[in-house]
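Novice: Give me coordinates for this.
(one chain, ligands or ions: 1)
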Amino acid sequence: MSVVKLDMTTVFIPTSGKSQKSLISQNENVSVVALNAQSIPRAEALALRLGIQASCDPNAASGLVLEVSQDRLGLRDTAQPRARTLSIETAKRRYPAAGKDLLSRALGRQCESVIDATAGFGADTFDFVRRGKTVFAIERVEVAAIMLEEAASAFHPGREGGALEVVCGDAIERIGELATVDVIFLDPMFPDRSRHTAQPRKAQQLLRRLAGEDPDAGTLLQVARTHARRRVIVKRPRHAPPLGGAPDIVHNGKAVRYDVYLADGGAS
Ligand SMILES: C[S@@+](CC[C@H](N)C(=O)[O-])C[C@H]1O[C@@H](n2cnc3c(N)ncnc32)[C@H](O)[C@@H]1O
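Specialist: Take a look at the predicted model:
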């Protein structure tokens, strides 16, 4: 596919252009480019939604580029011309054997509905839907939320899969607007993750560039604990300190840990 030069479809996002509640990106210049003539209207609509200033010079694009075609969105890093464009993959993942499936144990037997309050590019979100849960996925970085919405609309979880609704905004505010769910799941950015783990996957690197760090994650946990019917799960790097006080249950994996906070100290 060739990149079509357009007057209004390459747009640059000022880092401070939107309120904190729904960010286009925390740190990065992001541009929107239509990959062919047919996708121009879609690219224009997305640029409009992002509410950003248009540039007439596509060659001046720097930072991250949201590539728009009719049936696909991709995120490309202009500083790494050889790197693959990132698209959200919803293909089925293999689950660990029943006894070793930490996430399943963290969710608990009675979980039917989940708010994924830090959805990112949705790897965990789609996992929950494939497990048959009704899921609300909240993401405040609008570029990521847009990619998530498009992946959700093309996703068919099959007979046993659940349902998915994507919400763009800050979970600290939006959780209270949603129906009560059994489980609220949090996977906030961990500030020192790169020091504790090997180089993160490409998707996580791009997400970190878009989202920055999540300094309000402690507040999000407090809010989540007042809204979850059964439990809040916090995904942490294995050796990171807990986000809140001591969790009620901990499920340790090789690289990550699931800290479980039960609602009202209950047993569900
Ligand atoms: C580590 S990533 C999550 C990765 C995700 N679990 C996945 O499977 O791809 C953290 C994400 O949470 C989002 N986030 C953090 N705090 C949030 C909040 N209060 N409301 C909405 N999104 C939030 C960040 O913008 C970032 O995209």
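Novice: What confidence value was assigned to Met8?
Specialist: Here, the pLDDT recorded for Met8 equals 30.
Novice: and what of Ile138?
Specialist: According to the per-residue confidence, Ile138 scores 98 in pLDDT.
Novice: from here on, count from 32
Specialist: With the count now opening at 32, the last piece we talked about shows up as Ile169.
Novice: who's in contact with it?
Specialist: The contact partners of Ile169, taken as C-beta atoms under 8 Å, 6 or more residues apart in numbering, are 146-150, 198-202, 205-206. The C-beta positions use only the backbone N, C-alpha and C, and glycine is treated the same way.
Novice: May I see the domains of this protein written out as residue ranges?
Specialist: For the chain, the domain assignment from automatic domain parsing gives the residue ranges 41-108, 129-296.
Novice: a markdown table for these, including distance to the ligand?
Specialist: Putting the domains of the chain into a markdown table (distance: least, C-beta to the nearest ligand atom, whole Å) gives the following:
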| stretch | distance to the ligand |
| --- | --- |
| domain 41-108 | 7 |
| domain 129-296 | 3 |
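Novice: Just give me the lowest mean pLDDT stretch among the ones you listed.
Specialist: With a mean of 71, domain 41-108 has the lowest mean pLDDT of the domains of the chain.
Novice: what separates the helix or strand that contains Ala168 from the chain centre, distance-wise?
Specialist: Under the criterion of DSSP states H and E, Ala168 resides in strand 165-170. Offset of strand 165-170 from its chain centre (C-alpha atoms, centre = their mean, to the nearest Å): 9 Å.
Novice: rewinding a little: now the domains of the chain in CSV, with distance to Thr116?
Specialist: Putting these into CSV (distance: least, C-beta to C-beta, whole Å) gives the following:
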stretch, distance to Thr116
domain 41-108, 4
domain 129-296, 10
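Novice: List just the one of the ones you listed that sits closest to Ile119.
Specialist: Distances from Ile119 to each of these were compared by C-beta to C-beta, and the smallest falls on domain 129-296, at 3.8 Å.
Novice: picking up where we left off before, tell me which of the domains of the chain sits nearest to Ser118.
Specialist: From those, taking C-beta to C-beta, the stretch that ends up closest is domain 41-108, at 4.7 Å.
Novice: what's the following helix or strand after the strand holding Ala168?
Specialist: Where DSSP H and E defines the elements, the next helix or strand beyond strand 165-170 is helix 173-184.
Novice: helices or strands up against that next one?
Specialist: Using 3 or more C-beta pairs under 8 Å, 6 or more residues apart in numbering; DSSP states H and E as the contact criterion, the neighbours of helix 173-184 among helices and strands are helix 71-81, strand 95-99, strand 104-108, strand 165-170, strand 194-199, helix 233-242.
Novice: Out of the contacts of Ile169, grab the one that's most surrounded.
Specialist: In terms of neighbours by other C-beta atoms under 10 Å, these top out with Asp147 at 32 neighbours.
Novice: correct me, but that one touches Asp155?
Specialist: Yes - between Asp147 and Asp155 there is a contact under C-beta atoms under 8 Å: 5.8 Å.
Novice: burial of Pro272, as a residue count?
Specialist: By other C-beta under 10 Å, 7 other residues sit near Pro272.
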